[in-house]
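>>> curious how this folds, go ahead:
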Amino acid sequence: MKAPLLVPVALALVLGGCARTGEIDATGGITAIRSACPVVGVTAGTGDITLFKTPGATDENAIDVVANITGVRSTCADAGPDIATTVNFNVEARRTDATGARDLVLPYYIAIVRGGTNVVAKRIGRVNVHFDAGQARGQVAGEATTTIARSAATLPAEVRDKLTHRRKAGDEDAAVDPLSQPDVRQAVASASFEALVGFQLTEAQLKYNATR
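Numbering: from 1, shown residues only. Presented below is the predicted three-dimensional model:
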């Protein structure tokens, strides 16, 4: 993989992962705060790629290959000062011309998103999809890894206290959702990360996916 590249774009999560912001118990406190592991998923608009036989063509008859990212899953090691996440996925491709064997290299990326919109790092990788002669379909497994500092993914103690504070009926703050407080909401967002994968698309490919 290449070195991380900062990119000024906002990514939308379309496939969920392992983290949660919390669960409210019967007394009004939040008993399970959140996992330090990033939520893992596929970025909206980049989970599939379409290649055409003729450059610039976008009609259905000109389609050469369609590929999709599927089966996204992850393993997370969060016991040390850094949180290491390995994201595994499959690339499933279908070609319109099954004549002869063929190898197709497709670029993909993994992006680290903080607070839902801030892309802090991006790495590019490639997978090789092989089609046997006479076969229209091919599949390959892909893998990407990321590391996040535990300190960045950890809520400040005062914010954790606000979230886990037990509230009883009749208390002045019993009906107040701590996440409605701007400082708490901002702290939770700042400590929340997503590890998102997708195909590295050209501007034309992004436009095709958005308008088809």
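>>> and the helices in the protein?
Secondary structure of the chain (DSSP state H): helices at 157-164, 182-190, 203-211.
>>> pLDDT of the first one, averaged?
If I follow you right, that is helix 157-164. In this model, helix 157-164 has a mean pLDDT of 68.
>>> kindly reformat the helices of the chain as TSV containing distance to Gly116 and mean neighbour count.
Where C-beta positions appear, they are placed from N, C-alpha and C, glycine not excepted. What follows is the helices of the chain, written out as TSV (distance: least, CB to CB, whole Å; neighbours: other CB atoms under 10 Å):
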stretch	distance to Gly116	mean neighbour count
helix 157-164	17	15
helix 182-190	6	15
helix 203-211	20	12
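>>> out of the ones you listed, nearest to Asn128?
helix 203-211 (18.8 Å; CB to CB).
>>> that closest one - what's its average pLDDT?
Per-residue scores along helix 203-211 average to 95.
>>> what about the protein, any weak spots by pLDDT?
1-34, 159-181 (pLDDT under 70).
>>> change it to 50
1-32 (pLDDT under 50).
>>> chain neighbours aside, what residue packs nearest to Pro156?
The spatial neighbour of Pro156 that comes closest, neighbours along the chain excluded (CB to CB, 6 or more residues apart in numbering), is Ala187 at 6.0 Å.
>>> the nearest residue to Ser192 once chain neighbours are set aside: how many residues sit nearby?
Distance criterion CB to CB, 6+ apart; nearest residue to Ser192, sequence neighbours excluded, is Gly115 at 6.2 Å. Other residues near Gly115 come to 14 when the count uses other CB atoms under 10 Å.
>>> who touches Gly115 in this structure?
Ala189, Ser190, Ser192 (CB atoms under 8 Å, 6 or more residues apart in numbering).
>>> go through these and name the one nearest Pro156.
Among the contacts of Gly115, and counting by CB to CB, the member closest to Pro156 is Ser190, at 9.5 Å.
>>> any figure for the gap between the closest one and Arg150?
14 Å (CB to CB, to the nearest Å).
>>> all strands for the protein, in order.
23-24, 30-32, 39-42, 48-52, 63-77, 82-95, 102-114, 118-131, 137-149, 193-199 (DSSP state E).
>>> which of the ones you listed sits closest to Ala210?
strand 48-52 (11.8 Å).
>>> so which bits of that closest one are buried?
Residues of strand 48-52 classed as buried: Asp48, Ile49, Thr50, Leu51, Phe52 (neighbour count, 16 or more other CB atoms under 10 Å).
>>> my guess is the first one meets Ile63, correct?
Right, Asp48. No: look at Asp48 against Ile63 with CB atoms under 8 Å: they stay out of range, at 11.9 Å.
>>> isn't Gly71 up against Val91?
No: Gly71 is beyond contact range of Val91, at 9.4 Å (criterion: CB under 8 Å).
>>> now Ile83: how far from Tyr109?
Distance, Ile83 to Tyr109, by CB to CB: 19 Å.
>>> also Val120?
Distance of Val120 to Tyr109, computed by CB to CB: 13 Å.
>>> for these two, indicate the residue with more neighbours.
Tyr109 (21 against 15).
>>> pretty sure Val87 contacts Ala144?
Yes: the pair Val87 and Ala144 qualifies as a contact (CB under 8 Å) at a distance of 4.8 Å.
>>> how many residues are close by Arg102?
Counted with other CB under 10 Å, Arg102 comes out at 17.
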